[in-house]
Structure formats: C-alpha cells, structure tokens
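[1] below are the sequence and a predicted model for it; my questions follow.
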Amino acid sequence: MLPQLPGWRSATATALYGPGGFYTRQAPAAHFRTSVHASGHFAHAVARLLLRVDAALGHPPRLDLVDVGAGAGELLTGVAAALREHEAAGAGALARLRSTAVEHRPRPEGLDPAVHWSARLPDPATVTGLLFANEWLDNVPVDVAENDRTGTARLVLVAPDGSERHGPPVTGADARWLERWWPLDQAGEGARAEIGHPRDAAWARAAGSVRRGLAVAVDYGHTRTTRPPFGTLAGYREGRGCLPVPDGSRDVTSHVALDAAAASAPGTTRLLGQRAALGALGVTGRRPDLTLASSDPAAYVRGLSAAGEAAELLDAGGLGGFGWLVSQIDCTVGLG
C-alpha cells in the first residue's frame, strides 16, 4: 500500500512556514534578489507612490504604509529614508507615517522601533494609505493539477524528496477555479496548472484591509492568454534555481494568475508591467550626459551606477518582467 502523501499546497505550507521552515528560520535575502535588494531606486519609487496616495487622500492625519512579506523590513527602511530626503515636498508625510511590516519571521534586530511588526494582515478596512506586497502572492501555497493519460485533471501529490504521483481527480472549488481561469480539459496529457484560488482569497483579504488608498501586489505572473502549459513550480536556494523540493531547505514558488487575483479584489483594479509602473514613478535607467565625464567625473560614475541599477529593475527579462496588480479603493492615483 502506497503511503499517504499531501498535495503541493499542504507540503509547501509546512516547508515554508512550519516549524523549521524556510521562511521561519532563514533570511530570504540570502537566497534570492528582489527589486528591494537590487536598488534603492525601488524604495524611492514606492515613496513617490506613497506621496501620490497621500495627496489623493487629502493628507490624512495618519498615513499607513503596510509591507506584506516584509523580509527584514528593507523596503520600509528605504521608503522612510527617501521621505527624509524629500520631506520638504512631502507635506509632512514622514511625521504622519505609520509603517507596518507583515512577516512570519521574528522582528530583526536593529530595525527602526517606529516600524510595527506583525505576523498578521491588518484588520479589514483599517488601512488609510498604501499596502504593498512585493513577491508575496507567489509564496502563498497552492495545489498543482496535472492531466493524466485520459485527460482528467488530478491533484499532484508530493513526497518530502520532491517526487510526485497523481492523486484524486480535481473537484469542488479547485475544479471551478480551473474551469474559469486555467482550463485543462483540452490541454492533453501532462498539462499542469497551479490552482490559484488561495491566492485570490489572500489578495482579497489583503486589499480588503484598505479603507482608503491603494493595494499593490508585485509578482511574476501570467494571465489567461499567457498561461504556461506545464505550470511554473520552481525552487530557489542560495541565489540559484533548483528543483522544488518541500523539505524546508529552499524557497518553493510559482507564478501568480494575476487576472484571477485582480478579479477578487475590492475597488478598481488594473494590471501593468513593472517597466511601465516604475517609469511612471520616475525610474528611467537613463545614462548621464557624457559631458559630465569631463566636468565632474565622480558624478558621472555615480550616474552610471544609478542608471545600471535602474536598468536592472526595468529589464524585461528579469525584474522588469514583474506584473503590478493595483487595487484602488476610494482613491485614484495615476500610474501612467
């Protein structure tokens, strides 16, 4: 008799967030490079977005910035630093700012004591400002379905060493989600899909915590017309891609069905690429004028370095390939 095995959703939840799990005990920055780690331009762009939200809301007495999946609080630290640099143009935003990090790991030493640290999302309709989730939804665990030789979509079960076998046919909420967002009925044997309704529910819950303002999710993703035929399940460890093994030693992730998540969110939603979003927030990757090389060589070198960092954020084959899911709740902010 074969041993009982969990599906990918349960196995990933334990591997990432259970006792001794990847995100429970390790610093994610040691294993992969996010936009936050790549360049300070990203935090400055989020600071500009926060100021636009602040203006659109009429400069409320308390301005919230919630970072979901905050790591070690790098984004919140960077945004606060950017606001200090531009406080004269910020209508006193820093003095009204309440920063909240939502993260499973314990609070890191040395973090600004003004940052509130929580393992839970804010309560519904309590945020006035900006909720930002950078590479969070891809780590909300989901099950995987795969077509068998008859074309029947079955749950994929997984052992601790990453080996898989087919489980029961997909039914209920899983089947309804696949039918609407990622149908496999005509896809043939071996076609796979990540069943995204837990992420839809997670985004509805996160965006639902905003009473007035913006909720933004940034992630690698796809829409109905660009679904990958064999899914995107992957592992990452020490900066390199690896097999997705749910043993707690590595990140286990998959791209997000952004259109499905958008449909679950409150307010008005739109999807756009990171290149467009950051471009609208002042990140261009433009190289400094060559004449600066002779008049002020040090400034020219600094400008080249800044342009290189911005280019990494905008590279369509890398970080620039992220999608931005923007939910506007009783607030309208332009992003190009």
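    Happy to help now that I have it. Bear in mind the structure is a predicted one, so any value in this text is a computation, not a measurement.

[2] any stretches of the stretch 51-200 of the chain with poor pLDDT?
    Within the stretch 51-200 of the chain, the stretches with pLDDT under 70 are 87-91.

[3] what ranges do the strands span in it?
    Taking DSSP state E, counting those that start in this stretch as the test, the strands found in the stretch 51-200 of the chain are 63-68, 97-102, 116-118, 127-134, 143-147, 153-158, 164-169, 192-195.

[4] and these: which comes nearest Val216?
    strand 127-134 (5.1 Å; C-beta to C-beta). Where you see a C-beta, it was placed from the backbone N, CA and C, and this is true even at glycine.

[5] any idea how far that closest one is from the middle of the chain?
    Put simply, strand 127-134 sits 12 Å off its chain's centre (C-alpha atoms, centre = their mean, to the nearest Å).

[6] adjacent strands (with direction) for that strand?
    According to DSSP bridges, strand 127-134 forms sheet pairs with strand 63-68 (parallel), strand 210-219 (parallel).

[7] buried ones in stretch 195-215?
    Using 16 or more other C-beta atoms under 10 Å as the test for burial, stretch 195-215 gives 195-200, 202-204, 206-215.

[8] tell me how far Arg205 lies from Ile195.
    18 Å (C-beta to C-beta, to the nearest Å).

[9] now Thr152: how far from Ala187?
    11 Å.

[10] what's the answer for Arg62, then?
    Taking C-beta to C-beta, one finds Arg62 at 49 Å from Ala187.

[11] between these two, which has more neighbouring residues?
    Ala187 (18 against 10; other C-beta atoms under 10 Å).

[12] excluding chain neighbours, what is closest to the more buried one?
    Leaving aside its chain neighbours, Ala187 sits nearest to Asn147 (6.0 Å; criterion: C-beta to C-beta, 6 or more residues apart in numbering).

[13] so the one you found bridges to which residues?
    In this entry, Asn147 is beta-bridged to Ala153, by DSSP bridges.

[14] burial check on it, number of neighbours?
    Asn147, neighbours per other C-beta under 10 Å, totals 21.

[15] returning to that earlier point: closest one to His255 among the strands paired with strand 127-134?
    strand 210-219 (7.2 Å).

[16] next structured bit after that closest one?
    Next helix or strand after strand 210-219 toward the C-terminus (DSSP states H and E): strand 221-222.

[17] may I have the strands that pair with the helix or strand following that following strand, each with its orientation?
    Per DSSP H and E, the first helix or strand lying C-terminal to strand 221-222 is strand 234-237. Strand pairing for strand 234-237, using DSSP bridges, gives strand 240-242 (antiparallel), strand 251-253 (antiparallel).

[18] can I get these in JSON lines including distance to Gly18, mean pLDDT and mean neighbour count?
    Shown next, in JSON lines, are these (distance: least, C-beta to C-beta, whole Å; pLDDT from 0 to 100; neighbours: other C-beta atoms under 10 Å):
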{"stretch": "strand 240-242", "distance to Gly18": "20", "mean pLDDT": "89", "mean neighbour count": "12"}
{"stretch": "strand 251-253", "distance to Gly18": "12", "mean pLDDT": "94", "mean neighbour count": "25"}
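
[19] for those strands, which one sits closest to Gly231?
    That would be strand 251-253 among these, by C-beta to C-beta, at 11.5 Å.

[20] what's the closest one in contact with?
    Residues from elsewhere that reach strand 251-253, judged by C-beta atoms under 8 Å, 6 or more residues apart in numbering: 12, 15-16, 22, 28, 31-32, 138-139, 141, 233-237, 244-246.

[21] if we use 10 Å, what do you get?
    8, 11-13, 15-16, 22-23, 26, 28, 31-32, 135, 137-141, 158, 162, 194, 219-220, 232-237, 241-246 (C-beta atoms under 10 Å, 6 or more residues apart in numbering).

[22] mind checking which of the strands paired with strand 234-237 is nearest Leu131?
    Between the strands paired with strand 234-237, strand 251-253 lies closest to Leu131; by C-beta to C-beta that is 20.9 Å.

[23] quick check: next helix or strand after that closest one?
    Trace forward from strand 251-253 with DSSP H and E and the next one is strand 256-257.

[24] I'd like the next helix or strand past that following strand.
    helix 258-264.

[25] what's in contact with that following helix?
    Contacts of helix 258-264 (C-beta under 10 Å, 6+ apart): 137, 140, 177, 180-182, 196-197, 199-208, 217, 219-227, 257, 269-271, 322-327.

[26] could you list which of the residues you listed belong to helices?
    177, 180-181, 197, 199-207 (DSSP state H).

[27] identify the farthest-apart pair in those residues.
    Once C-beta to C-beta is applied, those give Arg180 and Ala206 as the farthest pair, at 21.1 Å.
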